[in-house]
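Chemist: Okay, sequence plus prediction incoming.
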Number of protein chains: 4
Amino acid sequence: MIKNSIKKIGVFTSGGDSPGMNAAIRAVVRTGIYHNLEIVGIREGLNGLIAGKFTKMGARSVSNIINLGGTILKSARSEEFRTYEGRKKAYDNCVENNIDALVCIGGDGTFTGAKIFNEEFGIQVIGVPGTIDNDIFGTDNTIGYDTALNTAMEAIDKIRDTATSHNRVFFIEVMGRDAGFIALNSGIATGAIDILIPEQKDSLEDLFENFERAKKRGKNSSIVVVAEGEKLASVYTLAEKTKEKFPDYDIRITVLGHIQRGGSPSCADRVLASRLGYGAVVGLMEGISNQMVGIRSNEMVYTPIEEAIKKHNTINENLLKISEILAI
Amino acid sequence: MIKNSIKKIGVFTSGGDSPGMNAAIRAVVRTGIYHNLEIVGIREGLNGLIAGKFTKMGARSVSNIINLGGTILKSARSEEFRTYEGRKKAYDNCVENNIDALVCIGGDGTFTGAKIFNEEFGIQVIGVPGTIDNDIFGTDNTIGYDTALNTAMEAIDKIRDTATSHNRVFFIEVMGRDAGFIALNSGIATGAIDILIPEQKDSLEDLFENFERAKKRGKNSSIVVVAEGEKLASVYTLAEKTKEKFPDYDIRITVLGHIQRGGSPSCADRVLASRLGYGAVVGLMEGISNQMVGIRSNEMVYTPIEEAIKKHNTINENLLKISEILAI
Amino acid sequence: MIKNSIKKIGVFTSGGDSPGMNAAIRAVVRTGIYHNLEIVGIREGLNGLIAGKFTKMGARSVSNIINLGGTILKSARSEEFRTYEGRKKAYDNCVENNIDALVCIGGDGTFTGAKIFNEEFGIQVIGVPGTIDNDIFGTDNTIGYDTALNTAMEAIDKIRDTATSHNRVFFIEVMGRDAGFIALNSGIATGAIDILIPEQKDSLEDLFENFERAKKRGKNSSIVVVAEGEKLASVYTLAEKTKEKFPDYDIRITVLGHIQRGGSPSCADRVLASRLGYGAVVGLMEGISNQMVGIRSNEMVYTPIEEAIKKHNTINENLLKISEILAI
Amino acid sequence: MIKNSIKKIGVFTSGGDSPGMNAAIRAVVRTGIYHNLEIVGIREGLNGLIAGKFTKMGARSVSNIINLGGTILKSARSEEFRTYEGRKKAYDNCVENNIDALVCIGGDGTFTGAKIFNEEFGIQVIGVPGTIDNDIFGTDNTIGYDTALNTAMEAIDKIRDTATSHNRVFFIEVMGRDAGFIALNSGIATGAIDILIPEQKDSLEDLFENFERAKKRGKNSSIVVVAEGEKLASVYTLAEKTKEKFPDYDIRITVLGHIQRGGSPSCADRVLASRLGYGAVVGLMEGISNQMVGIRSNEMVYTPIEEAIKKHNTINENLLKISEILAI
């Protein structure tokens, strides 16, 4: 392992926050300090990089955060970073503060920014996938995904208590603008009679058929889980159309919303974030740049950021089939 | 204690379900069996009373339910019971099945029905307050209220993680059509900067002043908790008006909805439900009728159903003041 | 309300920590600042008072702690405070730092120390009951008790899953050296077949009889909840004796231990702690001293510390009876 | 896919129970019924196979169990099945009830029994890995492991609250007789300063060095997580030796015990169990026998039972290193 000569690393979280980001920050800070690097925390994502919101971080500055949701460095989406002027300011800040390399914790948007920044100014960057949506290629799971699954599932479990007690039908919207991972897995885990996701062509006919079948099989209450990005229709329209078709149904709607972004991270997310934060620093030390660190089949791997953004984890077809069979 | 001669008790849950109803059913069944009474479970509330959906219940039939949300007897609102014909059918079913007395677990609507039923047909009834809203007079807490508070609080905690990370403002609607208990207590417990409840006259001016003050004090993110029945405006309108006033605010809305009705009951709710279920049966045995059993200042008390419906627990004024002071 | 002339208040947590102490600290700090008082945080309890571990606290210094278990001021038991020399040092520190009054958050031991300190040096003190054991007179609940109940209950729920699956008998020790409140309530909430607490004379005969009865009634698994301070025997001895009597029983033991002291406080505990922290500061401003603030029947009350220590909340006899009836 | 001619499948859970077993049973039952097979539930594991405790199961018989810990079929270890006579009885029961194939949900011991049973009597068997220990080869995760990790982590989080508040050292024993997976992952997730597992040679010197280093770095409290099967010493001895070496340490011990076996399964465990239950039935239909179904790298795979028992998942060396670095 040929170590390169970096001495000071900046770390930030950007885009939508996800549970486990703090565990990743902690891992970056401590791995860096263990290897005698200086670590600088950049507050409020790419905006903070432009505004120079830098703080030196020591091993104790990340004590007692591994279990906290959100991100102590705060996060933001940055319009200014989309302009060359914004990025130039950010680069000047890095130079002025002797920052050799950046660990960029976030999703698609963050990675796109990091890639351009690297290509324009040559500064070494590495991505750490932090988003609840699991829509990043190059890692089996993104940080926060497992926690979001459990949060969604626990919320739906609670709704199921009241659905069952009242023989009701619930349409439940979970997060996932482009990806149905949360919907599919939380739907299977809560025995949803139908799961609607953007990766799959859905139709009202199929949905209604599932209702008919459920009825025939003696089911008195039903949960339908719908991804935010479902193309067929929103939960509101779906509920309305269903009511037209089955006027005697007692239908309710719940949009789970932002509760899915918060909460203390699950064990899997804390371990994943710890490994990826470690892998990011070690990767930078080895000279890796413009890549994202991930875990695939339990091994640490680095994927070009371009690929991480462009490609997508595909929905397991088998899982879709299982979800249908088990909902009978 | 002069025991009266009842031999067979029917028990049902009616109206909106609440966590702890199963613990109450269990207590009714086991207290009855302990005293050599027969217990009949009536499914689907007052509808089941009309339709004769009766099941004999033994001590083992309520095993492993004390920790379950919802109600194994299922619940429903009944239009038919509002008619004399409906109630007559219900009474005939009771006579036919030798049911001497009824334990009615539910809220306002359930109690109103029970009261009329008692007055028309003379059948002995006792009410057990089961509703998450805590809007029943004659008991410090209703069954399910404490659990709903914790559910709302935990959801808001999660939202606060993401609000803090993004410097956002969240308007969060919690349940409570006529009562602000859930909003007030979950708001205090999560450090809300404002809490809007139907019992209090609110104004946009006060709300905006709270935002200004929070800003001045260095708060970067804010939670506003709003009861479902708030009279000033809905969370949607409140968010809109706030955005007009503070255009730079990053505002989000969450309606917690039905997750607040479900979930495994808290310890306090299981103990309360156990005591009230016991108290209901013992009360019936002592000849008490047309009353509701409650716990006030840790003592079991019986309140005429009429009073339980008409009077209301008032919001603690001191608590409102504390909520303001602590949000600085 | 005649305000007295205090300007600066010190606050500390002492003795065993309990969930909600942070919420109480927050309430003390913010109520003080709202009333233009200075607030000083004293670290590590009475030891810190002696060692002068003082920090000025502002409204933002208690941000985001209402939901955290433990105590940010840390806690300790102090041997040195039992000596006059220790207390003299503590007093000199108060004088030197212009501390007019102390808010003492803790239990029995803390209150005893505070009382002596007040009597010796005349400094104004007020107690806030923070202990999971609920063994303080003058308040219906102590801070942390409700959370500990839920923690114990949730742990026992998990154990019950495996007990039921294997037809096993579990002896579970919960905290409570002198008081059986946690054991009694968590036992009722989990359907324990027997609950052994120090306030009650227990015998092996009664225990064995409960086992026999449970068997007869068709119960295949059983939970026995035992308070730490149970006088009959430890869980280990109880298990051994039971095995001798019922050799075919598959018996297991769990000592829940310190998990009961931690965790994010429940809604009830956060609200209680907020009210009591507020009440402590307001009480001091009104000149109240050598008293403890509590909530009884939902009203704020002040009780002489001497009484709070000497008297005890008694176990509700009715609850004991209910626990037996419901375990059939 | 050539379907074989099986018509009736028996399913049982055996050995230590684990969260998610119910989800697996549900998946077996519904997948079978979907494919027009008959499904028979065998109660109490291999004992029930010998005693003929059989129940026909329909799609509704597994409603509302996906979220429950434990196993509705109950579990047991069987001495009698170790004898030929026992197995012969079991086989005769299968013949008599026209059971063509068995789905055996459990761990090592269960699989060993199933393998012998298959080899002696030729009955088709397939294994489903259900154990919290994750010590089965042929699957990345066993059913229940992820839930147990989260349970252990949440308990340690609570203990950390009180450890931090009191500057204490805690030795915490987690489950894992032969495998350190739970200890290693829950230890990383909770920032343990040392993790002792059977797969690694540990020494008191290394442990003490970690304590020294933690002290130097300013850590005031420490968690040491120890696997049940650790060879160096028990938590009791470790605590004693540490006290001798560091007499001023305030040391406490917690044995988490059976809480780790129970609880509502995590999303990952419910999905895993659903997939494996499905895979077991489909495998049997395809004629697969004497194999275990698992998920590796997100794909369903079948591994000879012999291999599943003999080989072992190895601890990720990298993870051990990360655990040390991050605890600085």
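Modeler: On my side now, so go ahead. Numbers count the residues shown, from 1 in each chain, chains lettered A, B, ... in the order given.

Chemist: per-residue pLDDT, the closest residue to residue A:101 other than its chain neighbours?
Modeler: Using CB to CB, 6 or more residues apart in numbering or on different chains and skipping the chain neighbours, the partner closest in space to residue A:101 is residue A:124 (3.9 Å). Quick note: C-beta positions are derived from backbone N, CA and C, even for glycine. Residue A:124 is assigned 97 on the pLDDT scale.

Chemist: Please apply the same query to residue A:1.
Modeler: 45.

Chemist: and if you look at residue A:214?
Modeler: So, for residue A:214, pLDDT stands at 89.

Chemist: My guess is it contacts residue A:207. True?
Modeler: No. Look at residue A:214 against residue A:207 with CB atoms under 8 Å: they stay out of range, at 10.8 Å.

Chemist: For those two, indicate the residue with more neighbours.
Modeler: Between residue A:214 and residue A:207, counted using other CB atoms under 10 Å in any protein chain shown, the more crowded position is residue A:207 (22 against 18).

Chemist: element containing the more buried one, please.
Modeler: helix A:204-216 (DSSP states H and E).

Chemist: Now the helix or strand following that helix: average pLDDT?
Modeler: Where DSSP H and E defines the elements, the next helix or strand beyond helix A:204-216 is strand A:222-227. The predicted model gives strand A:222-227 an average pLDDT of 97.

Chemist: If we go by neighbour counts, what in the following helix or strand past strand A:222-227 is buried?
Modeler: Helices and strands here follow DSSP H and E; after strand A:222-227, the next one along the chain is helix A:235-245. Going by neighbour count (16 or more other CB atoms under 10 Å in any protein chain shown), the buried part of helix A:235-245 is A:235, A:238-239, A:242.

Chemist: picking up where we left off before, other SSEs contacting the helix holding residue A:207?
Modeler: Applying 3 or more CB pairs under 8 Å, 6 or more residues apart in numbering or on different chains; DSSP states H and E, one finds that helix A:204-216 makes contact with strand A:194-196, strand A:222-227, helix A:235-245.

Chemist: could you dump those to a markdown table with distance to chain B?
Modeler: As requested, the helices and strands packed on helix A:204-216 are exported to a markdown table (distance: least, CB to the nearest CB, whole Å):
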| stretch | distance to chain B |
| --- | --- |
| strand A:194-196 | 18 |
| strand A:222-227 | 11 |
| helix A:235-245 | 12 |
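
Chemist: any chance of these in TSV, plus distance to residue A:257?
Modeler: TSV is the format used below for these (distance: least, CB to CB, whole Å):
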stretch	distance to residue A:257
strand A:194-196	17
strand A:222-227	13
helix A:235-245	12
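
Chemist: Residue C:84 is nearest to which of the ones you listed?
Modeler: With CB to CB as the criterion, residue C:84 lies closest to strand A:222-227 of these, at 67.4 Å.

Chemist: and the angle from that closest one to helix A:204-216?
Modeler: 150 degrees (axes from the mean of the first three to the mean of the last three CA atoms, to 10 degrees).

Chemist: Next, the angle helix A:235-245 makes with strand A:222-227.
Modeler: Going by the same axes, to 10 degrees, strand A:222-227 makes 150 degrees with helix A:235-245.

Chemist: Give me the mean pLDDT for stretch A:260-280.
Modeler: The pLDDT scores in stretch A:260-280 average 98.

Chemist: now stretch A:30-45
Modeler: Mean predicted confidence for stretch A:30-45 is 97.

Chemist: quick check, that stretch touching chain D?
Modeler: Yes. Counting by CB under 8 Å from any CB of the partner chain, chain D has neighbours in stretch A:30-45: A:30-31, A:33-34.

Chemist: biggest separation within those, which pair?
Modeler: Farthest pair in those, by CB to CB: A:31 and A:33, 7.5 Å.

Chemist: my guess is residue A:259 contacts residue B:257, does it?
Modeler: No. Under the criterion of CB under 8 Å, residue A:259 makes no contact with residue B:257, lying 10.7 Å away.

Chemist: hmm, back to that, for the helices and strands packed on helix A:204-216, which one sits closest to residue C:248?
Modeler: With CB to CB as the yardstick, what comes closest out of the helices and strands packed on helix A:204-216 is strand A:222-227 (43.2 Å).

Chemist: ok, residue A:31 and residue A:33, which is more surrounded?
Modeler: More crowded of residue A:31 and residue A:33, by other CB under 10 Å: residue A:31, with 26 against 21.

Chemist: tell me the centre residue of chain A?
Modeler: What sits nearest the mean C-alpha location of chain A, by CA atoms, centre = their mean, is residue A:131, with 1.8 Å.

Chemist: can you pull the contacts of that residue?
Modeler: Counting by CB atoms under 8 Å, 6 or more residues apart in numbering or on different chains, residue A:131 touches A:15-16, A:18, A:106-108, A:142-145.

Chemist: how about the residues of the stretch 201-328 of chain A near chain D?
Modeler: So the stretch 201-328 of chain A meets chain D at A:217-219, A:264, A:266-268, A:270-271, A:274-275, A:278, A:296-298, A:300, A:316, A:318-319, A:322, A:325-326, A:328 (CB under 8 Å from any CB).

Chemist: Restricted to buried residues, select these in PyMOL.
Modeler: Burial among those is assessed by 16+ other CB under 10 Å; the matching PyMOL selection reads:
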select buried, chain A and resi 219+264+266+267+268+270+271+274+275+278+300+316+319+322+325+326+328
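
Chemist: Just the residues of the stretch 201-328 of chain A next to chain D: which are in strands?
Modeler: A:296, A:300 (DSSP state E).

Chemist: returning to that earlier point: the buried residues of helix A:235-245 into CSV, with extra columns for pLDDT?
Modeler: Formatted as CSV, the buried residues of helix A:235-245 follow (pLDDT from 0 to 100):
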residue, pLDDT
A:235, 98
A:238, 98
A:239, 98
A:242, 97
